[in-house]
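Enquirer: Predicted model follows, preceded by the sequence.
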Amino acid sequence: MTLLTIFIIFVLFAVVIVQISRINEMAKAIKGEEEVSDRSMDRQGKLLFGFMVVFLVGTVWSAWAYRNVMLGYGPHEAASAHGGSLDSLFNATLAMTGIVFIITHIALFYFAWKYRRRSNARATHISHDNRLEVIWTIIPAFAMVGLVISSLMIWNDVMADVDPDEDYLEIEATGTQFQWFIRYPGPDQKLGTKNFRLIEGSNALGQDWSDLKNLDDFIAQEIWLPKGKKVRVRIAARDVLHSFYLPHFRVKMDAVPGLPTMFVFTPIKTTEEYREELSKYSEYQVPADPDDPDGPQKWEVFDYELACAELCGYGHYSMRKVVKIVEEPEYRAWLREQESFYVQSIRGTDADPYKDQLFDYELADRKAEFERDFGDALSAADDAARIVRLKYVNFETASANLTALSRYELDNAAEVLQGNPSVVVELGGHTDSAGDADANLDLSRRRANAVLTYLSGKGIDTNRLVARGYGDLNPIDDNGTEEGRANNRRTELKIISE
Ligand SMILES: [Cu+2]
């Protein structure tokens with residue numbers, strides 16, 4: 001609607017101009033041409049002068065009126081250590097070009113009026129003026145050299161890489177149509193290697209899983225950084241040009257496919273501190289949502305953001321991510337909540353090169369878990385609670401052959417039984433409801449026996465072990481879902497006496 005109104009105003013304005021010039025033509029025909037021309041030139045000169053005043057005053061006024069919503073002014077001081085120097089460079093450039101801008105515009109419109117066409121005026125011819133030419137060459141030359149030298153110094157400072165033995169945090173930002181992948185190095189503080197040939201649906205960055213450094217890397221939904229810590233961002237692109245842009249930190253670097261770039265910066269203001277600053281300005285003391293006047297105010301919902309500053313396609317606008325700057329303890333707490341992408345999505349799948357082995361920490365975890373479960377069952381009064389589910393014991397499909405990883409859990413069981421020599425247990429096999437009930441019963445018996453054989457092979461007396469098959473008689477979960485069926489295909493260790 002606004003657009004249409006503006007359009008109509010422009011059309012009407014154009015019509016008015018055309019009509020005025022028509023009137024001029026008609027007047028010309030009636031009066032003497034010379035006289036009319038002189039008067040029209042005089043009027044145009046004055047109008048141009050008037051335009052200049054409106055234009056310059058408007059320019060200065062708008063800059064003043066909107067100062068508190070522009071980066072670098074009001075509450076928008078840079079939130080990074082280097083940002084201030086870039087802002088002052090911008091201001092120095094603005095001051096110099098601003099002075100030139102005002103002087104040249106005044107001169108332009110003044111001369112347009114002063115030397116307007118007059119029928120009795122004669123033009124003077126000046127071939128050249130050495131003094132004038134020296135002045136207008138030397139002054140801009142000095143100004144430019146000053147600007148270039150100071151910008152070079154600031155550039156070298158801002159673009160410097162980290163010292164290898166410096167304390168810094170390295171993260172990686174990969175732009176793709178149309179989102180950013182933010183990768184953190186995990187507890188080892190090192191990002192794993194990537195290979196574009198490995199990129200596929202489940203491995204968006206092409207992480208090489210045979211590189212152990214990759215196994216703890218995690219992909220974050222938001223960028224969280226601790227205040228005061230130097231951050232080195234590795235910047236990459238997967239398809240077209242993108243640009244890593246953190247406006248509040250004065251960080252901007254192109255993401256180029258095949259050409260790694262980086263940016264080092266230190267955040268110096270937490271999100272909370274920035275909000276605090278915003279809250280002092282009336283521009284931010286208004287409801288964030290105009291339809292909800294009682295809702296939170298603009299300053300309360302402010303968040304730093306990452307944007308893409310390269311027009312990279314139709315979904316370009318959606319490449320936004322929230323950036324949170326927090327104090328160190330809060331950052332640590334957030335880190336603890338993050339789970340490695342490998343553990344979340346790759347572990348145990350066909351893409352996992354370590355599929356058939358357990359890592360030491362997993363072994364330790366499972367052992368502790370089993371001992372805890374066994375202890376709970378042993379101390380339970382209720383018979384139904386004296387059951388330990390062998391969560392990691394699995395069989396090949398429709399057979400009683402234990403899978404390779406099952407032995408770890410059974411070794412835990414054997415060790416615990418050896419430590420509790422008076423305990424007698426029943427090994428119960430269960431299946432899901434797929435297939436024939438008799439066949440299921442038979443399968444569950446054979447599986448229970450397979451577990452018994454394994455444990456006796458580990459030195460547990462067979463007098464302490466009873467194998468029993470339940471088939472599909474005791475489901476603990478819904479047989480209608482894949483997960484439920486997997487839960488029903490279980491082996492249980494039930495303490496029958498101690
Ligand atoms: Cu982009």
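Expert: It's in. All values derive from a computational prediction rather than experimental measurement. Numbering: from 1, shown residues only.
Enquirer: Need the phi and psi values for Lys269.
Expert: When quoted as degrees, to the nearest 10, the phi and psi of Lys269 stand at phi -140, psi 130.
Enquirer: How about His242?
Expert: phi -130, psi 180.
Enquirer: if I pick it, what's in contact with it?
Expert: When the contact criterion is Cβ atoms under 8 Å, 6 or more residues apart in numbering, the partners of His242 are Gly175, Thr176, Trp180, Asp254, Ala255, Cys308, Glu310, Cys312, Met319. (C-beta placed from N, C-alpha, C; glycine too.)
Enquirer: what's the nearest residue to it if we skip its chain neighbours?
Expert: Closest residue to His242 apart from its sequence neighbours, by Cβ to Cβ, 6 or more residues apart in numbering: Gly175 at 3.0 Å.
Enquirer: Name the helix or strand for that neighbour, please.
Expert: Using DSSP states H and E, the element containing Gly175 is strand 169-176.
Enquirer: Show me the helices in the chain, by range?
Expert: With DSSP state H as the definition, the chain shows helices at residue ranges 2-30, 33-65, 83-114, 130-158, 271-278, 328-337, 341, 360-379, 406-419, 437-457, 482-488.
Enquirer: between these, which one is nearest to His248?
Expert: For these, distance to His248 was read as Cβ to Cβ. The smallest value, 7.1 Å, belongs to helix 271-278.
Enquirer: buried sites along the closest one?
Expert: Within helix 271-278, the residues scored as buried using 16 or more other Cβ atoms under 10 Å are Thr271, Tyr274, Arg275, Glu277, Leu278.
Enquirer: thinking again about what came up before, ok, the residue nearest to His242 - contacts?
Expert: Taking Cβ under 8 Å, 6+ apart as the criterion, Gly175 is in contact with Ile235, Ala236, Ala237, Arg238, His242, Ser243, Phe244, Ala255, Cys308, Cys312, Met319.
Enquirer: Please list the residues of the stretch 151-300 of the chain that sit near the ion.
Expert: Where proximity means Cβ under 5 Å from the ion, the interface of the stretch 151-300 of the chain facing the ion comprises His242.
Enquirer: ok, what's across the strand from whatever residue of the stretch 151-300 of the chain ends up closest to the ion?
Expert: Ranked by Cβ to the ion, the top residue of the stretch 151-300 of the chain for proximity to the ion is His242, at 3.5 Å. Under DSSP bridges, the beta-bridge partners of His242 are Ala255.
Enquirer: measure stretch 453-470 end to end?
Expert: The straight-line separation of the ends of stretch 453-470 (Cα to Cα, to the nearest Å) is 18 Å.
Enquirer: which other residues reach that stretch?
Expert: For stretch 453-470, contacts defined as Cβ under 8 Å, 6+ apart pick out 402, 407, 410-411, 413-414, 417-418, 423-430, 441-449, 451-452, 496.
Enquirer: Over to stretch 101-109?
Expert: Contacts for stretch 101-109 (Cβ under 8 Å, 6+ apart): Leu48, Phe49, Phe51, Met52, Phe55, Leu56.
Enquirer: and stretch 186-205, how far from the chain's centre?
Expert: Put simply, stretch 186-205 sits 16 Å off its chain's centre (Cα atoms, centre = their mean, to the nearest Å).
Enquirer: list the buried ones in it?
Expert: Going by neighbour count (16+ other Cβ under 10 Å), the buried part of stretch 186-205 is Gly186, Leu191, Gly192, Lys194, Asn203, Ala204, Leu205.
Enquirer: quick revisit: which of the helices of the chain sits most buried?
Expert: By mean neighbour count, with neighbours taken as mean count of other Cβ atoms under 10 Å, helix 341 ranks first of the helices of the chain at a mean of 26.
Enquirer: Contact partners for the closest residue to the ion within the stretch 351-498 of the chain?
Expert: Across the stretch 351-498 of the chain, no residue is closer to the ion than Ala351, which sits at 27.4 Å (Cβ to the ion). Counting by Cβ under 8 Å, 6+ apart, Ala351 makes contact with Ser202, Asn203, Trp209.
Enquirer: count of residues packed around Glu172?
Expert: Under the neighbour criterion other Cβ atoms under 10 Å, Glu172 is assigned a count of 22.
Enquirer: and it, what does it touch?
Expert: By Cβ under 8 Å, 6+ apart, the contact list for Glu172 reads Phe181, Ile182, Arg183, Leu191, Val233, Arg234, Ile235, Ala236.
Enquirer: Give me the pLDDT for it.
Expert: At Glu172, the model reports a pLDDT of 92.
Enquirer: Skipping its backbone neighbours, what lies nearest the residue most central in space within the chain in space?
Expert: With distances taken as Cα atoms, centre = their mean, the chain has Lys321 as the residue nearest its mean C-alpha position (4.1 Å). Spatial nearest neighbour of Lys321, excluding adjacent residues (Cβ to Cβ, 6+ apart): Leu306 at 4.3 Å.
Enquirer: Let me know how buried the one you found is, in neighbour terms.
Expert: Number of residues near Leu306 (other Cβ under 10 Å) recorded here: 23.
Enquirer: Surely it is in contact with His248?
Expert: No: with contact taken as Cβ atoms under 8 Å, Leu306 and His248 are classed as non-touching, separated by 10.1 Å.
Enquirer: which residues do these two both contact?
Expert: Taking Cβ under 8 Å, 6+ apart as the contact criterion, the residues that touch both Leu306 and His248 are Val323.
Enquirer: quick one: contacts of stretch 246-259?
Expert: Taking Cβ under 8 Å, 6+ apart as the criterion, the residues outside stretch 246-259 that touch it are 71, 76, 78-80, 82-83, 86-87, 173-175, 233, 235-245, 261-263, 265, 267, 274, 304-307, 309-310, 323.
Enquirer: just the buried members of these?
Expert: Of these, these count as buried by 16+ other Cβ under 10 Å: 76, 78-80, 82-83, 86-87, 173-175, 233, 235-238, 242-245, 261-263, 265, 267, 274, 304, 306-307, 309-310, 323.
Enquirer: Make sure Asp289 is actually in contact with Gly295.
Expert: Yes: contact between Asp289 and Gly295 holds when scored by Cβ under 8 Å: they sit 5.2 Å apart.
Enquirer: Count the residues that sit near Asp211.
Expert: 15.
Enquirer: I'd say it and Asn195 touch.
Expert: No: here Asp211 does not reach Asn195: they are 9.4 Å apart, not a contact under Cβ under 8 Å.
Enquirer: What distance do you get for His105 to the ion?
Expert: Distance, His105 to the ion, using Cβ to the ion, to the nearest Å: 37 Å.
Enquirer: returning to what we had before: ok, now which ones touch the residue nearest to Lys321?
Expert: With contact set as Cβ under 8 Å, 6+ apart, Leu306 has these partners: Ala173, Trp180, Ile223, Phe244, Tyr245, Leu246, Arg320, Lys321, Val322, Val323.
Enquirer: Sketch out the low-pLDDT regions of the chain for me.
Expert: Regions of the chain meeting the criterion pLDDT under 70 cover residues 29-33.
Enquirer: Domain-wise, how is it divided?
Expert: According to automatic domain parsing, the chain comprises the domains 1-30, 35-117+132-158, 169-346, 360-497.
Enquirer: In a markdown table, list those domains along with distance to Thr124.
Expert: Shown next, in a markdown table, are the domains of the chain (distance: least, Cβ to Cβ, whole Å):
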| stretch | distance to Thr124 |
| --- | --- |
| domain 1-30 | 29 |
| domain 35-117+132-158 | 10 |
| domain 169-346 | 51 |
| domain 360-497 | 91 |
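Enquirer: Just the CA trace of stretch 491-498, in PDB.
Expert: What follows is the C-alpha trace of stretch 491-498 in PDB, where atoms were taken according to Å, rounded to 0.1, in the frame of the first residue of the first chain:
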ATOM      1  CA  THR A 491      17.600 -60.900  27.100                       C
ATOM      2  CA  GLU A 492      17.100 -60.600  30.800                       C
ATOM      3  CA  LEU A 493      19.100 -61.700  33.700                       C
ATOM      4  CA  LYS A 494      16.800 -62.500  36.700                       C
ATOM      5  CA  ILE A 495      18.200 -63.000  40.200                       C
ATOM      6  CA  ILE A 496      16.400 -66.100  41.600                       C
ATOM      7  CA  SER A 497      18.400 -66.700  44.700                       C
ATOM      8  CA  GLU A 498      21.400 -65.300  46.500                       C
END
